[in-house]
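Peer 1: Let's see this in three dimensions:
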Amino acid sequence: MNELLSIVAHFHPQGTVNEIRPLGSGLINDTYKVVTAEADAPDYVLQRINHAIFQDVDGLQRNIEAVTAHIRRKLEERGETDIDRKVLHFLTADNGKTYWKEGDAYWRVMVFIPRAKTYETVNPEYSYCAGKAFGQFEAMLADVSEPLVETIPDFHNMELRLRQLREAVSADAAGRVKEVSHYLEEIERHADEMCKAERMHREGVLPKRICHCDTKVNNMMFDEDGNVLCVIDLDTVMPSYVFSDYGDFLRTAANTGAEDDRDLDHVSFNMDIFRAFTRGYLESARSFLLPVEVENLPYAAALFPYMQCVRFLADYLNGDTYYKIAYPEHNLVRTAAQFKLWQSVKEHQDEMQAFINECMA
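Peer 2: Numbering: from 1, shown residues only. Take a look at the predicted model:
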């Protein structure tokens with residue numbers, strides 16, 4: 001407590017700190033709620049930034065500052081009320097930055113949003129809200145002038161992920177290549193089509209946007225009446241293709257099974273979730289989306305289970321050096337589940353395209 005108190009003091013919060021306790025169950029950063037004693041003083045959120053993942057902490061925080069300042073200006077221009085609950089606000093530390101380094105650790109403090117909550121439930125109602133919120137998030141940031149860094153370089157680069165898989169095959173460090181030949185053949189057969197985003201970008205056809213890159217239902221805050229207040233968890237906000245926000249949400253939310261489901265009969269692509277998320281997303285994002293982005297949304301839905309299949313398989317071949325596993329064949333089970341999901345998405349491509357055309361009409 002005393003160590004955390006001394007860190008918080010560098011950010012000069014309003015009020016007297018009464019308590020600091022763990023908050024949430026995030027997997028990346030250590031998060032605490034800072035409770036103040038005075039009724040008129042805000043509470044705060046203290047976070048230790050995981051700089052093993054986010055190695056450019058200064059760039060990370062500059063991204064967040066640019067994005068939150070831009071959103072705040074947009075909300076003010078619209079005449080929105082209750083703005084402090086609709087955009088995150090980070091405190092400035094003694095060093096003039098929105099983070100403080102103490103030993104080997106990096107810390108930041110933001111104002112706690114009162115009377116707000118998140119949901120873990122994935123259903124059509126919340127998927128529609130997510131689509132609308134993340135589409136609006138991208139739309140508000142479509143004209144950001146400041147250059148943003150990639151907080152995790154090549155995070156969603158399909159060409160890189162395939163190179164990593166091919167290197168894993170060549171090394172065959174765990175002697176497992178022979179047993180996965182079916183997956184490798186299918187992955188390679190579709191490799192060219194699944195890498196078209198990078199090609200289109202090099203050709204100047206597909207732009208990079210400012211995207212959230214971690215579009216989960218629980219990365220939205222809701223008010224007491226069930227309305228979305230704001231998008232949170234901004235560490236992965238960076239330049240990317242809109243496919244990142246669209247496809248990554250559907251990979252997790254529209255999977256009828258678990259990411260590591262042993263029973264592949266459980267795994268399929270939920271079209272109700274697809275329709276709800278897509279309707280919300282296009283309602284708020286169509287104002288800036290190019291035709292090439294809209295027409296490739298079904299590709300985006302297929303890209304992310306394919307990419308995750310490639311990543312799980314590469315790790316399995318490397319001897320399980322990246323993802324935590326619960327049992328020896330865990331990464332192979334994950335590979336199989338993502339492969340099945342990818343196949344299911346492909347079966348729905350025409351139906352998806354028809355629905356998207358209907359939404360855009």
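
Peer 1: burial of R251, as a residue count?
Peer 2: Neighbour count for R251, taken as other Cβ atoms under 10 Å: 25. Quick note: C-beta positions are derived from backbone N, CA and C, even for glycine.

Peer 1: Show the contacting residues for it.
Peer 2: With contact taken as Cβ atoms under 8 Å, 6 or more residues apart in numbering, R251 is in contact with 301, 304-305, 308, 341.

Peer 1: From those residues, which land in helices?
Peer 2: 301, 304-305, 308, 341 (DSSP state H).

Peer 1: just to revisit the earlier point, dump the contacts of R251 to JSON lines, plus distance to Y128, pLDDT and neighbour count.
Peer 2: Listed next are those as JSON lines, based on distance: Cβ to Cβ, whole Å; pLDDT from 0 to 100; neighbours: other Cβ atoms under 10 Å:
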{"residue": "A301", "distance to Y128": "16", "pLDDT": "98", "neighbour count": "28"}
{"residue": "F304", "distance to Y128": "19", "pLDDT": "97", "neighbour count": "24"}
{"residue": "P305", "distance to Y128": "21", "pLDDT": "98", "neighbour count": "29"}
{"residue": "Q308", "distance to Y128": "24", "pLDDT": "97", "neighbour count": "22"}
{"residue": "L341", "distance to Y128": "21", "pLDDT": "98", "neighbour count": "30"}
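
Peer 1: Out of these, which two sit at the greatest distance?
Peer 2: The span of the contacts of R251, defined through Cβ to Cβ, is set by A301 and Q308 at 12.6 Å.

Peer 1: So, low pLDDT: which residues of the stretch 1-150 of the chain?
Peer 2: Across the stretch 1-150 of the chain, the ranges flagged by pLDDT under 70 are 1, 25-28.

Peer 1: which residue ranges form the helices in it?
Peer 2: Here the stretch 1-150 of the chain has its helices, by DSSP state H, counting those that start in this stretch, at 2-9, 57-78, 124-140.

Peer 1: Can you say which of the ones you listed is nearest to K208?
Peer 2: helix 124-140 (11.5 Å).

Peer 1: for the closest one, packing partners?
Peer 2: Under the contact criterion of 3 or more Cβ pairs under 8 Å, 6 or more residues apart in numbering; DSSP states H and E, helix 124-140 touches helix 57-78, strand 209-211, strand 220-222, strand 228-231, helix 242-253, helix 271-285.
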